[in-house]
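K.L.:
quick one, structure for this:
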Amino acid sequence: MQELISKKELLEKYGISYGTLYRWKRMGLIPEEWLVKKSTFTGQETFFNRELICRRVEEILSKKDSVPLEELARQLVEKRAESPTVKVTTKYGDAVFYLSDITDITVSANGCKTSILDAAKSAAEKN
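P.N.:
Here you go, the predicted model:
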C-alpha cells in the first residue's frame with residue numbers, strides 16, 4: 001500500500017510555503033491527480049504519495065536555480081505525455097495512471113502478495 005504524506009508534513013520537510021506548492025501545481029510541476037483528499041478528524045486534508053511527491057519536490061528544488069520553472073514544467077509535462085498509461089476498469093468506472101507515476105502494482109490472493117509492476121513496464125516496452 002502506498003505511503004502518504006500530508007501537505008503539512010511536506011511543507012515542513014522541505015521548508016516550502018503553501019503558496020509555492022500550489023504555484024508549482026498550477027504550473028503543472030505537480031500533477032493535479034497526485035493530490036489525495038481525505039477526511040480526517042479535523043476535516044478534509046490533502047495528502048500525496050510520499051515517494052512520488054518527495055522525488056518531484058527534490059527535483060524541482062535541485063533545478064530551480066539553474067532552469068526556469070516554466071521550462072522545467074514543460075519538460076516534465078512532455079516526459080509524462082510520453083509515458084505509457086495503465087487503465088484500470090472496474091464496475092465503478094475507469095482510472096488511468098501514467099506508468100511513470102506508479103510506484104507499485106500488487107496482486108493479493110490467498111494471503112500472498114505479488115508485485116506486477118515490472119511485468120507492466122515490460123509489457124509497455126514491447127508496445
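
K.L.:
now the element after the helix or strand of the chain with the lowest mean pLDDT, going C-ward?
P.N.:
None of the helices or strands of the chain scores lower by mean pLDDT, DSSP states H and E than strand 93-98, at a mean of 80. Per DSSP states H and E, the first helix or strand lying C-terminal to strand 93-98 is strand 106-109.

K.L.:
pull up the pairing partners for the least confident helix or strand of the chain, direction included.
P.N.:
According to DSSP bridges, strand 93-98 forms sheet pairs with strand 85-90 (antiparallel).

K.L.:
neighbouring contacts of the strand it pairs with?
P.N.:
Applying C-beta atoms under 8 Å, 6 or more residues apart in numbering, the set of residues contacting strand 85-90 from outside is D94, A95, V96, F97, Y98, L99, I102, I105, A120. (Glycine included, C-beta is placed from N, CA and C.)

K.L.:
give the buried residues for it.
P.N.:
V86 (16 or more other C-beta atoms under 10 Å).

K.L.:
ok, stretch 117-127 next?
P.N.:
Going by 16+ other C-beta under 10 Å, stretch 117-127 has no buried residues at all.

K.L.:
ditto for stretch 102-111
P.N.:
Neighbour counts over stretch 102-111 (16+ other C-beta under 10 Å) mark I102, I105 as buried.

K.L.:
stretch 53-66 too?
P.N.:
Within stretch 53-66, the residues that qualify as buried are I53, R56, V57, I60, counting by 16+ other C-beta under 10 Å.
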